[in-house]
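Chemist: just to be clear, the model below is a prediction. Sequence and coordinates:
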Amino acid sequence: MNDVSQHDSPSTDPATVFAALADIVYRGSSAEEIYTAICNAAVLIVPHCDHASLMLMRHGKPVTVAASDDIARVVDDIERATGEGPCLDAITSEAAQLEADFRTPTQWPAMARGVLNRTPVRGAMGFRLKVDDQKVGALNLFTDQPGVFDTDSASKAIILTAFTAVTVAAVMNGQEASTLRDGLESNREIGKAIGLIMALHDVSGDEAFALLRKSSQDLNVKIADLAASVVDRHSKGLNS
């Protein structure tokens, strides 16, 4: 049985991890198993990520539907108890939220105190999930090392966030596994392209997606096909 778990011999190769995720989806696994696999995948492929959780809005409140471990769940609990934090803000904000070091002055002081007192976590990132233009939750990533979450970590996380968003959308809409798998493949390429555009042009994730979407419209090409072309050209350029 294929699984994405930090308790197996870990592979940090994103292609291997995404293939395992797609296999879990294709088997018709439960939503809980799929969401947990995504959290475990974050620990494997996002640099310096030690814990991860997935929050979804249920009846207007953020609920942790999966986590890589209990530490991630505790951090989520602290955010909800204090009413502040990068993961909560990610749900409502247009941009990803990053706290590199909770030990330094932060915009979330109450949450930081709780995290420092109760967990080994020292940094966090939150990435908004949207389904049909609705903000439905956030993918939350945590590190035990202060000051290590950076643009490289964020770019890898963006790919997984795109994967997560299409997965959540499919689960919510009850899509067939084969349709979901095709969507995951497309969104993986879109996520890769967004990461490349961010790195090459020094822009945010939203700005990179806007550039990709505009180019797609200008060229009258599907955004997934354009993203695959961007990634392919970059790969050939690196290997030439």
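Modeler: In hand now; what should we look at? Residues are numbered from 1 along each chain as shown.
Chemist: any low-confidence regions in the protein?
Modeler: In the predicted model, the chain carries pLDDT under 70 at residues 1-15, 25-26, 28, 174-188, 205-206, 223, 234-240.
Chemist: which ones are touching residue 150?
Modeler: residue 100 (CB atoms under 8 Å, 6 or more residues apart in numbering). Where you see a C-beta, it was placed from the backbone N, CA and C, and this is true even at glycine.
Chemist: from residue 173, how far off is it?
Modeler: Distance, residue 150 to residue 173, by CB to CB, to the nearest Å: 35 Å.
Chemist: one more: residue 121?
Modeler: Note on residue 121: its distance to residue 173, by CB to CB, is 33 Å.
Chemist: which stretch of helix or strand covers the residue nearest the centre of the chain?
Modeler: Per CA atoms, centre = their mean, the C-alpha nearest to the average position across the chain is that of residue 161, at 2.9 Å. Using DSSP states H and E, residue 161 maps to helix 151-173.
Chemist: swap in residue 141?
Modeler: Under the criterion of DSSP H and E, residue 141 resides in strand 134-143.
Chemist: which residues of this structure fall in helices?
Modeler: 14-26, 31-45, 70-82, 86-92, 109-118, 151-173, 177-201, 205-219, 223-239 (DSSP state H).
Chemist: tabulate the ones you listed (a markdown table), appending distance to residue 138.
Modeler: Output for the helices of the chain, formatted as a markdown table (distance: least, CB to CB, whole Å):
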| stretch | distance to residue 138 |
| --- | --- |
| helix 14-26 | 18 |
| helix 31-45 | 12 |
| helix 70-82 | 10 |
| helix 86-92 | 4 |
| helix 109-118 | 14 |
| helix 151-173 | 9 |
| helix 177-201 | 16 |
| helix 205-219 | 14 |
| helix 223-239 | 23 |
